[in-house]
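Student: What follows is a predicted structure for the sequence shown.
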Amino acid sequence: MERNYIGIGVLITVAFLLCAYFWPLPAYATAHRGDTAIEGEGSDADAVSDVSDTDNSDSDAAASDSNIDSNDSDTDSTEQAESPPQPVKAPAKSSVKPPAKTPAQAPAKAPPQPTPQTPPPASSKSGNWWHPRPGTKWQIQYVGKIDTPLKVDAYDIDLADVDMSFIELLHNKGIKAICYFSAGSYEKWRPDSKRMPASVLGKSNGWKDEKWLDIRKIEILKPIMASRIKLAVEKGCDAVDPDNVEGYDNKTGFSLTYKDQIAYNKMIADLAHTVGLAVGLKNDLDQIPDLIGDFDFAVNEQCFEQHTCDQLTPFVRANKAVFNVEYNIPVSSFCPQANKMNFDSLKKKLELDDKVEFCR
């Protein structure tokens, strides 16, 4: 029995000691639990921080809020530690482009279109008048009656002598009328010859009752030439063939220069184009480089006999007809070369009647 009391006493003592030893456990556990919460449980830590912050001054409020954010859970701590709370941002822009705007937005420019290829112009001075091309078959006749026109594309006829009814006949057959007049010489028999004063008359040009004109007197000659070209329009001509336009290179009795001739010839071409007529350059080979842009075709005499046809090739290169006539050599001596050069060549008598031999 005594042993039992001793054993009970020992147990009570041990129990008392144990209770005394473990009695501070709640306080220790609370403190320890608080340390753990700072590391892993954001809700308790926030509560502690809030209690502490309420005791601080108003000037520390913003700092306390920042500290609260920095003590959130591990999941949120990185994002909120980098920056303070920001206003809600607009959603990120979509990578898909919106459709093009309608009238409010300027329409996109159309891609450049290739320029269509076109043949070079027949003349540097374009117009609605006739532009004869190489391959235009022609006949030239200044004397004799023409009852039935030949099957050609164009007739070169005398402006003063031709009747309007014949030009109408040509047109009815689809034939063009080229009307001849002398632009650089005085012809006594012409109806308007009296309009030319003696001051503009020079030496004979080799033909009976015909003299060179002083082409420097443009103020006198221009109205006369304008009247002749007007007559060509009234008769229905499609083009004019002004002759004797190379006086500067002949013994005219005047000191005519190259520039004088260029100015006069350009004046004639302008008069024709102004009223819608084509105009040909008669001979005047040396001035072709300076005049090809003003004239629509060439009318040439005897370039094969005189071996000067190469000077006419700029007209063909410009897609302009070269109407060539030979008087003294057989067709066999020039037609093959004329065809090769794309000239429209004829063999005629010097009086220019109805007789003709065509090269093609």
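Tutor: Arrived safely. Residues are numbered from 1 along each chain as shown.
Student: any idea where the strands of the stretch 151-300 of the chain begin and end?
Tutor: 154-158, 176-182, 185-187, 201-204, 210-213, 239-243, 278-282, 297-301 (DSSP state E, counting those that start in this stretch).
Student: quick one, the second one and strand 297-301 angle?
Tutor: Inter-element angle recorded for strand 176-182 and strand 297-301: 60 degrees (by axes from the mean of the first three to the mean of the last three Cα atoms, to 10 degrees).
Student: Show me the contact partners of strand 176-182.
Tutor: Here strand 176-182 makes contact (Cβ atoms under 8 Å, 6 or more residues apart in numbering) with 130, 132, 138, 142, 153-160, 162, 167, 170-171, 210, 228, 232, 235-244, 278, 280, 299. Heads up, the C-betas are built off the backbone N, CA and C, glycines and all.
Student: The shortest one now?
Tutor: If you take Cβ under 8 Å, 6+ apart as the criterion, strand 185-187 is touched by 193, 196, 200-201, 205, 207, 209-213, 243-244.
Student: if you set the cut-off to 7 Å instead, what comes out?
Tutor: With Cβ atoms under 7 Å, 6 or more residues apart in numbering as the test, strand 185-187 has contacts from 193, 196, 201, 205, 209-213, 244.
Student: Just the buried residues from these, in ChimeraX please.
Tutor: Selection of buried members from the contacts of strand 185-187 for ChimeraX, criterion 16 or more other Cβ atoms under 10 Å:
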select :196,201,205,210,211,212,213,244
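Student: Return the member of the contacts of strand 185-187 nearest to residue 175.
Tutor: Relative to residue 175, the closest of the contacts of strand 185-187 is residue 244; by Cβ to Cβ it sits at 25.9 Å.
Student: Domain parsing of this structure, as residue ranges.
Tutor: Following automatic domain parsing, one finds the domains of the chain at 1-53, 138-358.
Student: Dump the ones you listed to TSV, plus mean pLDDT.
Tutor: Compiled in TSV, the domains of the chain are given as follows (pLDDT from 0 to 100):
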stretch	mean pLDDT
domain 1-53	47
domain 138-358	97
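Student: Of those, flag the one that's most buried.
Tutor: Highest mean neighbour count of the domains of the chain: domain 138-358, a mean of 18 (counted as mean count of other Cβ atoms under 10 Å).
Student: on that earlier part again, out of the contacts of strand 185-187, flag the one nearest to residue 348.
Tutor: Closest to residue 348, out of all of the contacts of strand 185-187 and judged by Cβ to Cβ, is residue 244, at 18.4 Å.
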